[in-house]
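J.: got a predicted model here, sequence first, then my questions.
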Amino acid sequence: MHEPDSRPNTDAARRRRRELILPTRERDRLDIPRVPRRSLRPRYEPDLLGRFAESFAKFMGTGKFIAYMTVFVLLWVAINLVGAFGLRWDPYPFILLNLFFSVQASYAAPLILLAQNRQEARDRVQYEQDRDMTARTRADMEFLAREMASLRTALGESATRDFVRSELRALLHELDARLGPPREQSDENRRRAEADPPTSAARRGDRR
């Protein structure tokens, strides 16, 4: 009795294994871009709740919110007391209204705290930036002060124009004091010769 040939089943299994392994290898390759797949998970923006908390806290701190809440409470109480339009869904003592205020307070407090935390984080970042700016400004001022001090010292040590003039003037006075009499005598003789030229010429002729 012949046993059934299991070779076709083996070949089919190999082909099936090859089909399963090949996509995995292609998926692991880095030179082939992946096909973008849509994710069914909802996208969540972490900063969205923070912005909503800040807007809510800012609105709660305005007179408009107080006016709206006052009108809302008055209408609620008036409709439930009078029964206008046949509506009295929350009769006295207004348990549903108290529940609404409790829920509002339970959500308002965390939202306000979240807004305060975000504001504190921004203030902290702003404080760090201001401190860095102050440190840089102080360093620049110290550098400029050192440069000005060094320039002042260099100018104090170097000879200024007035100082050079005063020294030259003193030297000229000293030279005039030393060479004063001969220079004055020669100047006087030259002035006399210029004042009486004919007399000097006649004297030269007589001498000849």
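T.: Arrived safely, thanks for sending. Numbering: from 1, shown residues only.
J.: need the next SSE after the longest helix belonging to the chain, C-terminal direction.
T.: Taking DSSP state H as the criterion, the chain has its longest helix at helix 95-157. Using DSSP states H and E, the helix or strand that follows helix 95-157 towards the C-terminus is helix 161-178.
J.: can you dump the C-alpha atoms of that following helix in PDB for me?
T.: What follows is helix 161-178, C-alpha atoms only, in PDB (Å, rounded to 0.1, in the frame of the first residue of the first chain):
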ATOM      1  CA  ARG A 161      49.500 118.200  23.000                       C
ATOM      2  CA  ASP A 162      49.200 120.800  25.700                       C
ATOM      3  CA  PHE A 163      51.900 119.100  27.700                       C
ATOM      4  CA  VAL A 164      54.200 119.000  24.700                       C
ATOM      5  CA  ARG A 165      53.600 122.700  24.000                       C
ATOM      6  CA  SER A 166      54.200 123.700  27.500                       C
ATOM      7  CA  GLU A 167      57.500 121.700  27.600                       C
ATOM      8  CA  LEU A 168      58.600 123.200  24.300                       C
ATOM      9  CA  ARG A 169      57.700 126.700  25.500                       C
ATOM     10  CA  ALA A 170      59.700 126.200  28.600                       C
ATOM     11  CA  LEU A 171      62.700 125.000  26.600                       C
ATOM     12  CA  LEU A 172      62.500 128.100  24.300                       C
ATOM     13  CA  HIS A 173      62.400 130.400  27.300                       C
ATOM     14  CA  GLU A 174      65.400 128.600  28.700                       C
ATOM     15  CA  LEU A 175      67.300 128.900  25.500                       C
ATOM     16  CA  ASP A 176      66.300 132.600  25.300                       C
ATOM     17  CA  ALA A 177      67.600 133.100  28.800                       C
ATOM     18  CA  ARG A 178      70.900 131.500  27.900                       C
END
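J.: how about the secondary structure of residue 77?
T.: What DSSP: H, G, I helix; E, B strand; the rest coil gives for residue 77 is helix.
J.: what is the burial count for it?
T.: For residue 77, the count of nearby residues is 14 (other Cβ atoms under 10 Å). Where C-beta positions appear, they are placed from N, C-alpha and C, glycine not excepted.
J.: how about it: what's its closest non-neighbour residue?
T.: residue 94 (6.8 Å; Cβ to Cβ, 6 or more residues apart in numbering).
J.: quick check: residue 108 touching residue 59?
T.: No. The criterion here is Cβ atoms under 8 Å, and residue 108 misses it with residue 59 at 10.6 Å.
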